[in-house]
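Student: Any chance you could fold what I've pasted below:
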Amino acid sequence: MTLIEQADRLAVRLANFQTLKSLADEGRRFRTRAEQLSPPAAELLQLKAVERALREHGISTIFEHPAKSTLADRAAGLAKTFDENRKSVLATQPPLEHSFLKPLNALTTAFRAALEQSWRRHVEEVIRPMPEDLLAVLGAIRELAPQVAALRQQQSRGIAIAAALPEATAVLIALEGIRDVAAKKAESLEKLSGGGIPDEVLRFLRRSVTRQARLEELTTSIIDWLRARGLLRAFIVTPG
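Tutor: Residues are numbered from 1 along each chain as shown. Coordinates of the predicted model:
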């Protein structure tokens, strides 16, 4: 083989190597782009599924975001461009990170926050959380301490359910959980008694726990009972 032939073969091999290297580099760039786009897109789809599941059970979410329509248009434009030229996703102008990915991540975060707020509001409407200050008041009454402990247990369970936005497939189970908490809390409140506490006082205490007690219910005998135990200052009058 002549020197020229060897040089030609070497040139072909180098050209093939450069082509393979270019393809490998391009493949890595596609993979990087996919890794950037996939997580926020997947999370947004999951959140939309949660929103639908909540809405099916009467829990609506009001979500307005200034970039929502702009991002939708941007996504449609990117999809159209990508269909026409696959490599366009690698050379998007302006840069995809700033023009699409960052706003999309911000939108997804805001959407999750709106869903979490709707979920917490619904849970609180069902279980009617008991104010900690009033639980402390009731817990200070020796005769009621065991029953207050049961109320606290349900309180903690309800708070845990409210704090975690369920997956779409777990919404029904979570709803059953909060209904169970509400039922057991109501049962515990109904059983709140003992120690010779007058019925009138018990009724007031039960209604106070759920913020339903009214000022006109605070009779002289209730005031005297609370004052005798140093509990009167634990109650405050609020507009409602």
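Student: Where does pLDDT dip in the protein?
Tutor: Low-confidence segments of the chain (pLDDT under 70): 1-37, 65-100, 195, 209-211, 234, 236-240.
Student: Domain ranges for it, per the record?
Tutor: The chain breaks down into these domains under automatic domain parsing: 31-125, 131-234.
Student: and these as TSV, adding mean neighbour count?
Tutor: In this view, the C-beta of every residue, glycine as well, is placed from N, C-alpha and C. Formatted as TSV, these follow (neighbours: other CB atoms under 10 Å):
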stretch	mean neighbour count
domain 31-125	14
domain 131-234	15
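Student: which residues sit in contact with P166?
Tutor: Counting by CB atoms under 8 Å, 6 or more residues apart in numbering, P166 touches V50, W119, I173, A174.
Student: let's see 7 Å
Tutor: By CB atoms under 7 Å, 6 or more residues apart in numbering, the contact set of P166 is A174.
Student: what are the phi and psi angles of it?
Tutor: phi -70, psi 160 (degrees, to the nearest 10).
Student: And L226, by the same measure?
Tutor: phi -70, psi -40.
Student: same thing with R214?
Tutor: phi -110, psi 160.
Student: ok, which stretches of the protein are helices?
Tutor: Secondary structure of the chain by DSSP state H: the helices cover 3-56, 68-84, 96, 102-127, 132-139, 145-163, 171-190, 199-209, 220-228.
Student: Excluding chain neighbours, give the residue nearest to A114 in space.
Tutor: Of all residues not flanking A114 in the chain, F63 sits nearest, at 4.3 Å (CB to CB, 6 or more residues apart in numbering).
Student: The one you found and T109: what is the separation?
Tutor: Applying CB to CB, to the nearest Å, the value for F63 to T109 is 12 Å.
Student: Also S221?
Tutor: Between S221 and T109 the distance is 54 Å, computed by CB to CB.
Student: again, but for A136
Tutor: 36 Å.
Student: Please apply the same query to L138.
Tutor: L138 is 39 Å from T109, by CB to CB.
Student: just R207 next, same as before
Tutor: Taken as CB to CB, the span from R207 to T109 is 40 Å.
Student: and what of K48?
Tutor: 15 Å.
Student: Over to A150?
Tutor: Taking CB to CB, one finds A150 at 38 Å from T109.
Student: Name the nearest residue to H57, sequence neighbours excluded.
Tutor: L175 (6.0 Å).
Student: Equivalent analysis for L54, please.
Tutor: V171 (6.2 Å).
Student: For F235, give me its contacts.
Tutor: S208.
Student: let's see 10 Å
Tutor: Contact partners of F235, counting by CB atoms under 10 Å, 6 or more residues apart in numbering, are D133, L134, V137, F204, L205, S208, A213, L218, I222, I223, L226.
Student: between those, which is nearest E124?
Tutor: Checking the contacts of F235 against E124 by CB to CB gives L134 as the nearest, at 15.7 Å.
Student: right, and the closest one touches L205 too?
Tutor: Yes - counting by CB atoms under 10 Å, L205 is a contact partner of L134 at 8.2 Å.
Student: Common neighbours of those two, please.
Tutor: With CB under 10 Å, 6+ apart, L134 and L205 have common neighbours A213, F235.
Student: circling back to that earlier point, now, among the contacts of F235, which is nearest to H57?
Tutor: Nearest member of the contacts of F235 to H57, counting by CB to CB, is L134, at 30.1 Å.
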